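[1] turn this into a structure:
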Amino acid sequence: MNLSTPVANITRVGKVTASKLKRLDIFTIQDLLFYFPWRYDDFSMSTPIAQLQPNTRANVVGTVEMLNNKKSFKRRLNITEALISDDSEMLKVVWFNQPFIARNLQVGDRVSLSGKVDSDHGLTVMTSPIYEKITQQVIHTQGLVPNYHLTSDLSQKQLRFLINQVIDLAQQVEDWLPETIRQEQRLLTLATAIQKIHFPKNQQDIDQAKARLSFDELFLLQLQSQITRQAIIRNKALPIKFLEPKTKELVKSLPFVLTDDQRKTAWEILQDLETDQPMTRLLEGDVGSGKTVVALLALYNTVLNGYQATIMVPTEVLAKQHFNSLNKLLSGFNINLALLTNSQQQTTNQEKITKAELGQQIANGQAQLIIGTHALIQQAVEFKNLNLVVIDEQHRFGVEQRQTLVAKASSTDQLMPHLLSMTATPIPRSLALALYDDLNISIIKQLPKDRQKIITKIIGPEERQSSYDFIAQQVGQGGQVFVICPLIDISDNLGARSVKEEYDKLSQQIFPNLKIAMLHGKLKPKDKTAIMEKFSNNEINILVATSVIEVGIDIPNATVMMIEDANRFGLAQLHQYRGRVGRSQHQSYCFLMNDDSTSFGQQRLAAMLEYDNGFDLAQADLKFRGPGEVYGTLQKGFPELKIATLYNYALMKQAKEAAMSLLQINPNLDNLPKIKEKIVNLAGLSHLE
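    Got it, this is the predicted structure:
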């Protein structure tokens with residue numbers, strides 16, 4: 001076997017398991033080795049049974065004294081019970097619906113158990129712990145045990161077992177970082193870092209592996225940033241004049257008053273547009289801060305100057321929403337808007353129009369302001385004179401996708417359109433300037449004046465019914481409700497709530513008289529759009545959804561956000577969900593449903609009660625991701641990173657200095673084919689090929 005060997009060829013991996021790994025983008029052994037843990041369970045110390053405390057997680061080593069299976073006809077469960085003893089005490093262990101355990105273990109076996117400790121009528125019990133026989137290599141229950149993000153029907157034990165089988169092949173991974181840089185930064189070799197990140201012996205192993213892998217990510221980002229900056233300097237743009245009287249007319253017509261931050265950031269953008277240097281600006285603003293209106297002033301001036309402008313968004317639901325809201329705000333200003341997604345197309349004057357007809361209007365300039373998804377970068381789409389590109393939620397698009405859209409506006413290699421990127425992911429200015437050397441930064445921190453603070457509460461199991469009662473009351477007063485779940489389908493392995501499960505429960509048992517719908521990524525685009533339109537028109541009382549609603553959805557009538565299994569989401573993600581309510585003058589509420597009784601879980605969610613802006617929460621999130629936790633793929637960073645944290649200022653500075661130093665002596669990365677290949681793959685910088 002080698003790094004390019006398909007995972008299906010690994011021992012005990014068949015087509016079924018290979019298809020599950022495929023959902024995690026794991027196709028080869030190399031993919032498996034680069035699928036990093038996001039946290040660790042610390043079972044480095046075994047606890048005597050007599051010293052176990054309820055509501056903690058612990059490792060126990062003992063001998064199986066009794067083992068049997070029985071049926072619970074009331075709950076239709078198969079129950080496996082065991083008694084485990086050590087020199088101090090006896091422990092009862094219970095597993096549900098795992099009858100095979102009674103075949104795998106025998107009385108007299110020495111076992112290692114790790115999991116949550118409970119109390120049952122004063123008796124200490126471990127429920128569904130992970131177990132291993134002491135005779136085999138112990139990788140699941142002792143030491144620092146890695147945890148990975150999973151997919152349905154794939155367990156931590158399976159993933160650890162597979163990685164453990166191939167971990168020695170990490171020695172075949174080519175170390176692309178120049179040896180001089182590696183030694184200057186005192187970093188591990190790449191092979192050693194990979195081995196230690198998966199199976200560390202101590203905290204120092206994790207720290208060293210994390211430092212190397214984080215540096216790699218940040219170093220590549222800094223190289224990309226510096227190269228992009230140099231490319232931008234070489235290009236020119238067509239200036240867009242600020243037409244003050246007409247802009248004031250538009251501002252005066254708005255149904256709200258611009259905040260000071262909105263005025264300031266709009267002015268920064270409009271000044272950029274007046275130069276012949278292509279604007280490359282990042283507009284940061286917390287959820288609900290009004291970034292779209294700021295972008296509208298730039299889009300409007302572009303059209304008034306006789307050019308086309310476009311705004312690209314990540315989802316069809318958001319594209320349709322932007323089209324409707326901008327159409328309303330520009331009503332009476334004689335601007336021809338167009339909507340283009342894979343499943344729908346529309347213009348200001350024509351609800352029914354073919355793709356070919358709309359393509360012709362874009363090509364001849366009749367469509368002046370085009371709103372769309374990645375459908376905008378399809379080969380068939382041609383613009384007449386596109387001069388401003390706005391990318392909403394820029395981290396949802398690959399750099400190559402953004403550059404493809406920009407390239408559609410470039411009549412020559414030296415002429416570029418102006419580019420405005422927008423994000424609701426909070427990054428402090430000092431960090432954004434360090435990370436994005438090729439972008440100017442504008443930040444909106446103020447929220448509109450009529451917004452009330454969202455009341456946020458952590459809801460335990462005992463308060464669930466009262467929460468349902470409150471929701472019924474809110475709906476009775478005309479409000480609407482979001483219910484967010486981590487999964488689409490039910491999964492016994494992950495133990496998390498799913499959209500389909502909650503939809504059935506809420507519609508059939510809890511709120512049978514209310515109008516309830518579900519929304520998730522597996523639905524067809526036209527069905528998603530239809531559901532959101534009904535929700536927008538208050539034809540649906542409760543929408544049960546996945547993270548598909550995380551970005552940009554604007555339902556002013558929604559007053560309650562209920563997030564199931566809230567402890568499974570990052571703080572930044574929870575804040576995004578919370579931002580979907582509280583978008584009008586009505587008092588709104590966010591319920592964080594939490595069955596995690598650990599002090600860590602409670603403390604982390606408590607930050608949602610303490611902070612109500614994303615910038616403060618981003619800093620709090622770093623504190624809770626302690627030194628023993630590796631940043632995972634659920635981190636909603638900008639861009640998303642596997643290992644690095646955007647808040648490690650010292651490492652960011654080191655990576656930036658190393659990148660600048662390398663480019664100073666080797667601007668074209670000559671004789672560094674591996675680095676060049678990685679930059680091309682990362683950024684789509686074709687001039688490096």
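[2] how far off centre is the host helix or strand of Thr192?
    Secondary structure here is read from DSSP states H and E; on that basis Thr192 sits in helix 190-198. With Cα atoms, centre = their mean, to the nearest Å as the basis, helix 190-198 stands 25 Å off its chain's centre.
[3] for stretch 661-680, same thing?
    Using Cα atoms, centre = their mean, the offset of stretch 661-680 from its chain centre is 30 Å.
[4] which parts of it are buried?
    Along stretch 661-680, these residues count as buried under the neighbour rule (16 or more other Cβ atoms under 10 Å): Leu662, Leu663, Leu669, Leu672, Ile675, Lys676, Lys678, Ile679, Val680. C-betas here are computed from N, CA, C, even on glycine.
[5] and of these, the nearest to Leu592?
    Each of these was checked against Leu592 using Cβ to Cβ; the closest is Lys678, at 39.2 Å.
[6] buried residues, stretch 60-67. List them.
    Residues of stretch 60-67 classed as buried by neighbour count (16+ other Cβ under 10 Å): Val60, Val61, Gly62, Val64, Leu67.
[7] among those, which are in helices?
    Where the buried residues of stretch 60-67 are compared with helices, as defined by DSSP state H, there is no overlap at all.
[8] which of those fall within strands?
    The strands in this structure, assigned by DSSP state E, contain Val60, Val61, Gly62, Val64, Leu67 from the buried residues of stretch 60-67.
[9] OK, contacts around the second one?
    With contact set as Cβ atoms under 8 Å, 6 or more residues apart in numbering, Val61 has these partners: Ser46, Asp86, Arg110, Val111, Ser112, Leu113, Ile134.
[10] about what we covered before: let me see the mean pLDDT of the helix holding Thr192.
    In this model, helix 190-198 carries a mean pLDDT of 96.
[11] counting contacts, what elements does the very next helix or strand once past it pack onto?
    Tracing the chain past helix 190-198, the next element assigned as helix or strand by DSSP H and E is helix 203-233. Helices and strands touching helix 203-233, as assessed by 3 or more Cβ pairs under 8 Å, 6 or more residues apart in numbering; DSSP states H and E, comprise strand 143-147, helix 190-198, helix 429-435, helix 649-665, helix 673-683.
[12] so which of those gets nearest Tyr307?
    Between Tyr307 and the helices and strands packed on helix 203-233, the tightest spacing by Cβ to Cβ is seen for helix 673-683, at 26.6 Å.
[13] Thr135: which element?
    Taking DSSP H and E as the criterion, Thr135 maps to no regular element, lying outside all helices and strands.
[14] for the closest residue to it other than its chain neighbours, what are its contacts?
    In space, Thr135 comes closest to Arg110 once its chain neighbours are excluded; the distance is 7.4 Å by Cβ to Cβ, 6 or more residues apart in numbering. Arg110 makes contacts with Val61, Gly62, Thr63, Lys133, Ile134, Thr135, as judged by Cβ under 8 Å, 6+ apart.
[15] same list (the residues you listed) but as JSON lines, adding distance to Leu24 and pLDDT.
    Supplementary listing: those in JSON lines, determined by distance: Cβ to Cβ, whole Å; pLDDT from 0 to 100:
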{"residue": "Val61", "distance to Leu24": "32", "pLDDT": "91"}
{"residue": "Gly62", "distance to Leu24": "35", "pLDDT": "92"}
{"residue": "Thr63", "distance to Leu24": "37", "pLDDT": "93"}
{"residue": "Lys133", "distance to Leu24": "28", "pLDDT": "87"}
{"residue": "Ile134", "distance to Leu24": "31", "pLDDT": "83"}
{"residue": "Thr135", "distance to Leu24": "31", "pLDDT": "73"}
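[16] nearest to Val381, of these?
    Distances from the contacts of Arg110 to Val381 were compared by Cβ to Cβ; the smallest belongs to Lys133, at 60.6 Å.
[17] wait, that closest one touches Val111, no?
    Yes: under the criterion of Cβ atoms under 8 Å, Lys133 makes contact with Val111 at 6.0 Å.
[18] could you break the protein into its assigned domains?
    Following automatic domain parsing, one finds the domains of the chain at 45-141, 240-274+290-423, 455-611.
[19] in TSV, list those domains along with distance to Leu159.
    Formatted as TSV, the entries for the domains of the chain read as follows, by distance: least, Cβ to Cβ, whole Å:
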stretch	distance to Leu159
domain 45-141	10
domain 240-274+290-423	26
domain 455-611	11
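[20] which residues of the stretch 51-200 of the chain fall in strands?
    For the stretch 51-200 of the chain, the strands identified by DSSP state E, counting those that start in this stretch occupy 56-72, 77-85, 90-96, 110-120, 123-127, 130-133, 143-147, in order along the chain.
[21] TSV for those strands, including distance to Gln185?
    As requested, these are exported to TSV (distance: least, Cβ to Cβ, whole Å):
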stretch	distance to Gln185
strand 56-72	35
strand 77-85	47
strand 90-96	47
strand 110-120	36
strand 123-127	44
strand 130-133	37
strand 143-147	24
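[22] nearest to Pro486 among those strands would be which one?
    Pro486 lies closest, by Cβ to Cβ, to one member of the strands of the stretch 51-200 of the chain: strand 143-147, at 15.3 Å.
[23] quick one: strands adjacent to the closest one?
    In the sheet containing strand 143-147, the strands it pairs with under DSSP bridges are strand 39-43 (antiparallel).
[24] in the partner strand, what counts as buried?
    Quick answer for strand 39-43 (16+ other Cβ under 10 Å): Arg39, Tyr40, Asp41, Phe43.
[25] same check, this time on stretch 327-342
    Here stretch 327-342 shows Asn327, Leu329, Leu330, Ile335, Asn336, Leu337, Ala338, Leu339, Leu340, Thr341 as buried, counting by 16+ other Cβ under 10 Å.
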